[in-house]
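Enquirer: heads up, no residue letters with this:
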Ligand SMILES: CSC[C@H]1O[C@H](OP(=O)(O)O)[C@H](O)[C@@H]1O
């Protein structure tokens, strides 16, 4: 397999490595990964995270295992196991389906390697296309609000929604970004703030519960978010708290855009109710753990509701920014999903 290098995933010198996103922004630690169990653990703990990146990390591991001489039966099991790791982001299922097709080829090793290389390099291009198309929606001086993390850390390229923001910054549109910290795992406060600082994009970090008053006071001009799965009617799943923003945006008549590659589209999913929503460990809500240990603030026996994602109905979305274009719901359903 060729050398493949992204911000949080790389294959170099016959070694697959991932950047531990749970330790960011204070520590940049890379883990070599050579087994399904290890990759599943990295993905489940969100050390490896982000809808496109999860699919690509699993894909590169399958190709790596094939090059290590694993049998077709072992590789088929690896694909099944990896596909079941997290249920909501459809990019994982998309990538594993492509790898299953490659595994069925006569030269399965060659097909797996070339498919992995293609999917990785394709995502880089898809990110560039989304960024260019989405940046056209950004006006000079816009105050943009975003949720969770959708940058280079979450993809093989420059990102999805954050890629749009970065491209607009590169175009010297002099934007400012309101960054939702994104409870409970703080992908915004830890990762988006980290990426925007590295790109020298002006931003202000806020708690999620502050977005409404910012909108009411006219301090938010547009909202760009990512997606983990887009259903055939345009409903989409994204990090929990996205639906809040969509309802607020509609009330305050603020343009609300979802940015995602077409690898996030799920043609077999009729609407948002059909999207499986991952339920996560209550400990993520009752406290926080990291390299510093555990900080527990809620009662240990507190009953917790901790869905990793929520679903936003298409009626609340101004436009879908895909790699192929910017769509209204009518065009998305009629042209893209046709
Ligand atoms: C371009 S990443 C898309 C999506 O993935 C994130 O979820 P997680 O951090 O749990 O992997 C978040 O929902 C992003 O919007």
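Expert: Cool, got the structure. Only a predicted model underlies this, so the values are computations on that prediction, with no experimental measurement involved. Numbers count the residues shown, from 1 in each chain.
Enquirer: only C-alpha atoms for contact and neighbour calcs from this point on.
Expert: Fine.
Enquirer: show me what from the protein comes close to the ligand.
Expert: 49-52, 148-150, 154, 160, 226-228, 238-239 (C-alpha under 6 Å from any ligand atom).
Enquirer: strands of the stretch 51-200 of the chain, start to end?
Expert: 143-146, 176-180 (DSSP state E, counting those that start in this stretch).
Enquirer: by contact count, what packs against the last one?
Expert: Right, the one you point to is strand 176-180. strand 143-146, strand 203-206 (3 or more C-alpha pairs under 8 Å, 6 or more residues apart in numbering; DSSP states H and E).
Enquirer: need the winner for burial among those.
Expert: strand 143-146 (a mean of 24; mean count of other C-alpha atoms under 10 Å).
Enquirer: what lies in contact with that one?
Expert: With C-alpha atoms under 8 Å, 6 or more residues apart in numbering as the test, strand 143-146 has contacts from 161-162, 175-180, 219-225.
Enquirer: contacting residues around the helix or strand hosting residue 41?
Expert: According to DSSP states H and E, residue 41 maps onto helix 36-44. Under the contact criterion C-alpha under 8 Å, 6+ apart, helix 36-44 has outside partners 33, 48, 49, 54, 57, 58, 61, 78, 81, 82, 85, 86.
Enquirer: and if we set it to 7 Å?
Expert: 33, 48, 49, 54, 78, 82, 85, 86 (C-alpha atoms under 7 Å, 6 or more residues apart in numbering).
Enquirer: from those, which land in helices?
Expert: 54, 78, 82 (DSSP state H).
Enquirer: which strands or helices does the helix or strand of the chain with the lowest mean pLDDT pack on?
Expert: Sorting the helices and strands of the chain by mean pLDDT, DSSP states H and E puts strand 287-290 at the bottom, at a mean of 79. Secondary-structure packing of strand 287-290 (3 or more C-alpha pairs under 7 Å, 6 or more residues apart in numbering; DSSP states H and E): strand 293-296.
Enquirer: any figure for the gap between residue 36 and residue 10?
Expert: 16 Å (C-alpha to C-alpha, to the nearest Å).
Enquirer: returning to what we had before: parallel or antiparallel, list what pairs with the least confident helix or strand of the chain.
Expert: strand 293-296 (antiparallel) (DSSP bridges).
Enquirer: confidence score at residue 77?
Expert: At residue 77, the pLDDT value in this model is 98.
Enquirer: now do the contacts for the closest residue to residue 266 other than its chain neighbours.
Expert: Among residues not flanking residue 266 along the chain, residue 231 sits closest, at 5.3 Å (C-alpha to C-alpha, 6 or more residues apart in numbering). With contact set as C-alpha under 7 Å, 6+ apart, residue 231 has these partners: 265, 266, 267, 269, 270, 271, 272.
Enquirer: export the residues of the chain next to the ligand to CSV and tack on pLDDT and neighbour count?
Expert: Below are these laid out as CSV (pLDDT from 0 to 100; neighbours: other C-alpha atoms under 10 Å):
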residue, pLDDT, neighbour count
49, 98, 26
50, 98, 28
51, 98, 25
52, 98, 31
148, 98, 30
149, 98, 31
150, 98, 31
154, 98, 25
160, 98, 34
226, 98, 30
227, 98, 28
228, 98, 27
238, 98, 25
239, 98, 22
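Enquirer: count of neighbours near the closest residue to residue 136 other than its chain neighbours?
Expert: In space, not counting the residues next to it along the chain, residue 136 is nearest to residue 168; the distance is 7.8 Å by C-alpha to C-alpha, 6+ apart. Residue 168 has 24 neighbouring residues, counting by other C-alpha atoms under 10 Å.
Enquirer: residue numbering should commence at 6 henceforth.
Expert: Sure, I'll start counting at 6 from here, so that last one is residue 173.
Enquirer: residue 173 and residue 142 touch, don't they?
Expert: No: between residue 173 and residue 142 there is no contact under C-alpha atoms under 7 Å: 9.0 Å.
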